[in-house]
Each structure stands twice: as structure tokens, then as C-alpha cells.
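# this one's sequence-less:
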Ligand SMILES: NC(=O)c1ccc[n+]([C@@H]2O[C@H](COP(=O)([O-])OP(=O)(O)OC[C@H]3O[C@@H](n4cnc5c(N)ncnc54)[C@H](OP(=O)(O)O)[C@@H]3O)[C@@H](O)[C@H]2O)c1
């Protein structure tokens, strides 16, 4: 298989890790950015169907990793129309164009397709999203399946890793404590946090193994915060 990939959302946490992993493994890879342009990345708005189609046709990749999304859960509640345009219409366009050119689509979905009452969840558990973000992710999964493109849908959760521009939980802890501030965190969420470097590596492995369908990729350890998580910086000494 020719190793030519497009990473949509390469300026994000997962997209950035995918770029590093693919490059290290000898893939020819091009990435896109939206509001955080970076040298070498192509600008792309996932909500602009014509632009998405033009870029995929121009680059003719074998694999498209779709790591871009409106990931701000509260932002999706505030503007559901925008959430649908980016999180459903965008993936639908990608799937249609990938099918037309014979490319594989790797789509990133979320634990938010479940209601969170009885985790941990397996691939055969019935989804029941209770948020706009979760609904858009599930609808995108279904649109991709309906279009019939060769695809891999990776559901993941609590992605964290080192990226100064990212607001992932680990970076928030680092930023707050570095600033000498206390940090409070929700105590009612149980998760299996996923290291982004592992997520990227596993994604590429799954593609190379020819895996398709829905696959859950998450960290092994259950993170169950204490009743009250209140992290404070260690007093400076010396
Ligand atoms: N983080 C998690 O815990 C988690 C859990 C489950 C599933 N997921 C899914 O995994 C994927 C990656 O998540 P992440 O946390 O790595 O994302 P992230 O760091 O928030 O990055 C999001 C990416 O999407 C791009 N983007 C946003 N709006 C766009 C638009 N209109 N057009 C084109 N690009 C746009 C951003 O570009 P700019 O920054 O340049 O604007 C950025 O590259 C997402 O699909 C997310 O839903 C994440």
C-alpha cells in the first residue's frame, strides 16, 4: 500500500501526534489547521464542503485521518447548528470524497456516544448520547457507515498528552500548578484516560493491519477521582 496520508486537524492534540507518528514511520503526510495555522499545514474549514472535497481530490491520499472536530462539549450545546455542520456534515463530505477516490477514512469518535451510566463500554453496547456533542459524533459514525466508504471508526476517551497549545486535562494541571494556582476538578467522572501518543500509534497500527468498523481505543487504567480533588502546588523550597 502506498503510504500517503492526510491528517485533517493536525493542529490539534490527536492530529499532531498522528503527524509525528506517521512521519516517523515513513509515511508521506500532509496536515491541516483551522484557527491555529502552522508552517507546513494547509488551511481547511471542515464546514466548507467544497474546500474539503477540493483538498482531498488534490492530494489523493490513501488514508484520511479525520481528527478535526468541534470538541468543546459546552460549545456544541450553545451552537448545535455549528456543531452539526462541523461534526456531521464535515465527516459526511470526507466519507463521500474518500469513497469516490478509493481512500480509507479513519474517524475519531467519542465515549460521549454513551450515556455514561454503566461504563466501561464495549463496541457492541448500544449508544445513547445525552449531549449535542455525543449526538453529532454518533450521527457522523452512522453517516460514514451509510455511505459505505472503507473506514475505521475509533472511539476514544480522556485523551491527554504534552502540547502547550492544548487544553487537555494534564496540560491544565501543568499550567495551573506552574502558575502557582490551585486546581479543582470534577469528582463525579470516572474515566480511562488515553495517552495521545499511544492513540496515534495504535491508530496507525490498526490501519496497517487493515482493521475496519468501530474500535474502542482507551487507556488501561481507570481514573476514579476522590470525592474532592483539589490539587495545590508544592511549596517552593531553597
Ligand atoms: N480529547 C479527548 O479527550 C477526546 C475524547 C474522545 C474523542 N475525541 C475526538 O478525537 C478527535 C481529536 O480530538 P482532540 O482532543 O485531539 O482535538 P483538539 O485538540 O481539540 O483539536 C481539534 C482539531 O480540530 C480542528 N478544527 C476545529 N474546528 C475545525 C473546523 N471547522 N475545520 C477544520 N478543523 C477544525 C482544530 O483546528 P485549529 O485548532 O487549528 O482550529 C484542531 O486541529 C476529535 O474528533 C474528538 O471529538 C477526543
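Received the coordinates, thanks. None of the values given here were measured: they were computed from a predicted structure.
# Flag the helix or strand of this protein with the lowest per-element mean pLDDT.
Sorting the helices and strands of the chain by mean pLDDT, DSSP states H and E puts strand 229-231 at the bottom, at a mean of 67.
# who are the neighbours in contact with residue 147?
92, 95-96, 99 (CB atoms under 8 Å, 6 or more residues apart in numbering). Just so you know, the C-beta spots here come from the backbone N, C-alpha and C atoms, and that holds for glycine as well.
# Let's see that with 7 Å instead.
Neighbour list for residue 147: 95-96, 99 [criterion: CB atoms under 7 Å, 6 or more residues apart in numbering].
# Now for the residue of the chain found nearest the ligand, how many residues are close by?
As assessed by CB to the nearest ligand atom, the ligand sits closest to residue 12 within the chain, at 2.2 Å. Using other CB atoms under 10 Å, residue 12 has 26 neighbouring residues.
# from here on, count from 786
Okay, using 786 as the starting number, the last item reads as residue 797.
# could you measure the residue nearest to it when sequence neighbours are not counted against residue 1001, distance?
Nearest residue to residue 797, sequence neighbours excluded (CB to CB, 6 or more residues apart in numbering): residue 852, at 5.9 Å. Going from residue 852 to residue 1001 by CB to CB, to the nearest Å gives 17 Å.
# neighbour count winner among the two?
Neighbour comparison, residue 852 and residue 1001: the larger count goes to residue 852, with 29 against 17 (by other CB under 10 Å).
# Okay, buried residues for the lengthiest helix in the chain please.
Longest helix of the chain, by residue count under DSSP state H: helix 917-932. Within helix 917-932, the residues scored as buried using 16 or more other CB atoms under 10 Å are 917-926, 928-929, 932.
# How about stretch 818-825?
Those would be 818-819, for stretch 818-825 by 16+ other CB under 10 Å.
# Residues contacting it, please?
So stretch 818-825 is contacted by 795-796, 826, 828-830, 853, 950 (CB under 7 Å, 6+ apart).
# List only buried entries from those residues.
Neighbour-count burial (16+ other CB under 10 Å) applied to those gives 795-796, 826, 829, 853.
# Describe which strands the helix or strand where residue 816 lies pairs with in its sheet and in which direction.
Using DSSP states H and E, residue 816 sits in strand 813-818. For strand 813-818, the paired strands and their directions (DSSP bridges) are strand 789-793 (parallel), strand 827-828 (parallel).
# Get me the contact residues on this structure for the ligand.
794, 796-800, 818-821, 829-832, 852-856, 871, 893, 895, 941-944, 951 (CB under 6 Å from any ligand atom).
# Helices - which of the residues you listed land there?
Using DSSP H, those in helices are 798-800.
# okay, the buried ones among the contacts of stretch 818-825 in TSV with pLDDT next?
What follows is these, written out as TSV (pLDDT from 0 to 100):
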residue	pLDDT
795	98
796	97
826	98
829	98
853	98
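# Tell me the pLDDT of residue 904.
With respect to pLDDT, residue 904 scores 89.
# Pull the contacting residues for the closest residue to it other than its chain neighbours.
Leaving out its chain neighbours, the residue that sits closest to residue 904 by CB to CB, 6+ apart is residue 975, at 6.8 Å. Contacts of residue 975 were listed using CB under 7 Å, 6+ apart, and they are 904, 1007, 1009.
# For beta bridges, what are the partners of the closest residue to residue 796 other than its chain neighbours?
Of all residues not flanking residue 796 in the chain, residue 818 sits nearest, at 3.6 Å (CB to CB, 6+ apart). Residue 818 has the following beta-bridge partners by DSSP bridges: residue 828.
# count of neighbours near the nearest residue to residue 921 once chain neighbours are set aside?
Setting aside the residues directly before and after it, residue 921 is nearest to residue 872 in space (CB to CB, 6+ apart), at 3.6 Å. The local packing of residue 872 (other CB under 10 Å) involves 27 other residues.
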